[in-house]
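1. How does the following fold in three dimensions:
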Amino acid sequence: MYTLLELYFIFCVKVLGTMSTEDKTVNNKSSWPVVDAVEFFPGVNEDLSLVSWAHAVNSVAKLKDALEDDKIMMLEADVSAGQLEGDEDGGKDDIIPIMAHPPHTRSDLSLAAWIKGIIEANKDGKKKGAKLDFKDLSIVKESLEMLYNQVDSINFPLWLNADILKGPVEAKDEPIDQEQFLTLCMQYFPQATLSVGWKTRFTSADDEKAEYTKGMAEEMAAVLEAANVTQPVTFPIRATFVSRSLEALEWLVDTVPDSTITIWSPVSEPFDPQAIIALQDSVGMDCVYLDLPEAERKAVDDARARETSSGAKGYRFIPPAATAMVASAGLALASALAALYLYE
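-> Got it, this is the predicted structure:
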């Protein structure tokens, strides 16, 4: 006959000892704190456009530059499945999470080294946040497991990004499986910011289909609701599509709790800076990040400065419903004036 103490010991060895790493992860990760960008970067003061970015930090040299640059707050990089340079004889067993943008499958920087660099920089008193753009679903779980092993040292903003839906303009590339990506992110890092967007394709600046439609926004909101997402969310939005998408984007951030927008753009792609300003004015400066190349960011800042100095709005968004009301009111007024003229 076993004593109660002996039975408890057997239970611990046979039951708790056989729990998988995933089970332990699920039970323990709730202690990881939410690290909000506004609180982490106190100079932001509710104006998310003040958060500065280093984009495509996919090499040792770029990581070093971004960590040493005190002006840079958030580091964005692409995570792919591949091999480290110099591992020419490696096989399938040597495929690891590396920092590279497709179609590249080799890099001089692994995800492990990348996150270690940011952790060490923060320990040294620098304030740096991390945004990881996952390009390959096959590497997401391994990447998150590796990151979780460092969870006690990740005391800075962590964003997990992937394109999970098809977007404008009739994008051809396949998005990452939405269900698997969201499930893994919530399992390992339920307090991290989810940066979830659309696969996009640029055609021309005057393409009437160059917009995030209300249907696309509704689909995204439905996906997040179905997955029971409760952590912070940001939507990466391509700058060139903003001018035709203002109503849908405003609806999206109003509908999804604790959500923001992150405006991004390739270098030299045409866009309307006034549309970005209109979006900021519509949803609030505390709701729009600007992750733009230097020239594109300057275009937005210059447009804002001109608007501020002149005291006039250069671009005012009027929803279709409001436009219809204005038109109806104008027609009614014109009819009344015509009737009065005929009466006289």
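2. wait, is Leu184 part of a helix?
-> Yes - checked against DSSP: H, G, I helix; E, B strand; the rest coil, Leu184 lies within a helix.
3. That one: what's it in contact with?
-> By C-beta atoms under 8 Å, 6 or more residues apart in numbering, the contact list for Leu184 reads Val140, Lys141, Leu144. (Glycine included, C-beta is placed from N, CA and C.)
4. Among the residues you listed, which one is most surrounded by other residues?
-> Val140 (25 neighbours; other C-beta atoms under 10 Å).
5. got the contact list for that one?
-> Phe134, Ala162, Ile176, Gln180, Phe181, Leu184, Cys185.
6. Can you tell me how far it is from Leu182?
-> Val140 sits 10 Å away from Leu182, going by C-beta to C-beta, to the nearest Å.
7. Check Tyr188 too.
-> 11 Å.
8. Helices along the stretch 1-150 of the chain, start to end?
-> Secondary structure of the stretch 1-150 of the chain (DSSP state H, counting those that start in this stretch): helices located at 4-14, 21-28, 37-40, 60-68, 111-123, 140-148.
9. Provide the secondary structure category for the residue nearest the centre of the chain.
-> When C-alpha atoms, centre = their mean is applied to the chain, the residue found nearest the centroid is Ser195 (2.9 Å). Under three-state DSSP, the three-state class of Ser195 is strand.
10. Show the contacting residues for it.
-> So, once contact is read as C-beta under 8 Å, 6+ apart, Ser195 ends up touching Lys131, Asp133, Trp159, Leu160, Asn161, Ala162, Val233, Thr234, Phe235, Pro236, Thr262.
11. what two of these have the greatest distance between them?
-> With C-beta to C-beta as the measure, no two of the contacts of Ser195 lie farther apart than Asp133 and Val233, at 15.3 Å.
12. quick one: the strands in the stretch 201-344 of the chain?
-> 233-238, 259-264, 288-291 (DSSP state E, counting those that start in this stretch).
13. CSV for these, including mean pLDDT?
-> Shown next, in CSV, are the strands of the stretch 201-344 of the chain (pLDDT from 0 to 100):
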stretch, mean pLDDT
strand 233-238, 98
strand 259-264, 98
strand 288-291, 98
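14. right, and those - which one's nearest Ala121?
-> When the strands of the stretch 201-344 of the chain are compared by C-beta to C-beta, strand 288-291 sits nearest Ala121, at 19.4 Å.
15. Tell me the strands beside that closest one, with direction?
-> strand 259-264 (parallel) (DSSP bridges).
16. CA atoms of the strand it pairs with as CSV?
-> Only the C-alpha atoms of strand 259-264 are listed here, as CSV (Å, rounded to 0.1, in the frame of the first residue of the first chain):
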residue,chain,number,x,y,z
SER,A,259,-5.8,47.5,-33.1
THR,A,260,-3.6,49.9,-35.0
ILE,A,261,-2.4,50.4,-38.6
THR,A,262,1.2,50.3,-39.8
ILE,A,263,1.8,52.1,-43.2
TRP,A,264,4.5,50.6,-45.3
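17. ok, Val51 - contacts?
-> Ala37, Phe41, Val44, Met73, Met74, Tyr289, Leu290.
18. one more time with 7 Å, if that's ok
-> Shown in contact with Val51 (C-beta atoms under 7 Å, 6 or more residues apart in numbering): Ala37, Phe41, Val44, Met73, Met74, Tyr289.
19. Hmm, Thr213 and Phe241 touching each other?
-> No - at 10.0 Å, Phe241 and Thr213 do not qualify as touching, with contact defined as C-beta atoms under 7 Å.
20. circling back to that earlier point, any chance of the contacts of Val51 in a markdown table with distance to Asn149 as columns?
-> Putting those into a markdown table (distance: C-beta to C-beta, whole Å) gives the following:
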| residue | distance to Asn149 |
| --- | --- |
| Ala37 | 24 |
| Phe41 | 26 |
| Val44 | 30 |
| Met73 | 25 |
| Met74 | 22 |
| Tyr289 | 28 |
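21. Pull the number of nearby residues for Lys64.
-> Count around Lys64 with other C-beta under 10 Å applied: 12.
22. Just the pLDDT at it, thanks.
-> At Lys64, the model reports a pLDDT of 98.
23. re the thing from before, include distance to Asp94 and pLDDT when you put the contacts of Leu184 into a markdown table, please.
-> Putting the contacts of Leu184 into a markdown table (distance: C-beta to C-beta, whole Å; pLDDT from 0 to 100) gives the following:
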| residue | distance to Asp94 | pLDDT |
| --- | --- | --- |
| Val140 | 18 | 98 |
| Lys141 | 18 | 98 |
| Leu144 | 20 | 98 |
